[in-house]
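A.B. asks: Sequence first, predicted coordinates after that:
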Amino acid sequence: MPAVAAVAGAARGEVMVSSLRFVHEARKCVGTPYRHQGRLIGVGLDCVGVILHTMQASGCDLMGFEDYPYGPVPTGHFKRTLDQYLDCVWDKETASQPFFPYLKNGDILAMAWKTRPMHCGIAAVGEHGWNVIHSHADSEKVVEHRLDDVWAARVTQLYRIREVK
């Protein structure tokens with residue numbers, strides 16, 4: 001379905017963004033302090049703020065995603081919002097194999113610490129394999145690091161932004 005959406009989007013004159021440009025824009029966020037519900041690069045971003053900034057800086061349609069309300073405690077609304085605005089290409093609950101074969105540069109990784117997804121990051125091809133770019137309270141800023149086994153185990157869904165190719 002994502003390929004169909006991309007073709008239909010291109011026919012409507014929507015902007016298509018390369019995954020390299022998308023990841024380049026995400027990397028500009030690295031070093032920005034962590035701030036819950038932060039939306040300003042250089043001042044404060046949370047994990048959703050990194051996604052929204054990167055989408056906007058790349059020319060992607062935010063589709064109302066920027067109005068997503070959330071608190072510090074997961075309620076299930078996070079996954080419903082991602083499902084509403086992005087294309088889910090892999091889900092841990094229904095998958096028969098790990099997400100790595102599906103992963104593409106610029107994909108959005110939804111992650112859970114306990115049972116519900118409550119965190120997200122951007123997949124990026126790094127020098128030694130896959131990385132994740134995200135803002136996390138424990139890091140106190142936006143970081144890029146290897147998508148190692150610990151972080152990969154937290155991934156619950158893999159999403160793709162329609163305009164990113």
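C.D. replies: Received, thanks.
A.B. asks: Now do stretch 129-143: everything it contacts.
C.D. replies: The set of residues external to stretch 129-143 that reach it, using Cβ atoms under 8 Å, 6 or more residues apart in numbering, is 23, 26-27, 29-34, 36, 38, 45-47, 49-50, 100, 103, 109, 119-125, 144-147, 151. Where you see a C-beta, it was placed from the backbone N, CA and C, and this is true even at glycine.
A.B. asks: buried subset of those?
C.D. replies: By neighbour count, with 16 or more other Cβ atoms under 10 Å, those hold 23, 26-27, 29, 32, 34, 38, 45-47, 49-50, 103, 109, 119-124, 144, 147, 151 as buried.
A.B. asks: next structured bit after the longest strand seen in the chain?
C.D. replies: Counting residues, the longest strand found in the chain (DSSP state E) is strand 117-126. Following strand 117-126 in sequence order, the next helix or strand is strand 129-136 (DSSP states H and E).
A.B. asks: Quick one: work out the angle between that next one and strand 117-126.
C.D. replies: Angle of strand 129-136 versus strand 117-126, following axes from the mean of the first three to the mean of the last three Cα atoms, to 10 degrees, is 140 degrees.
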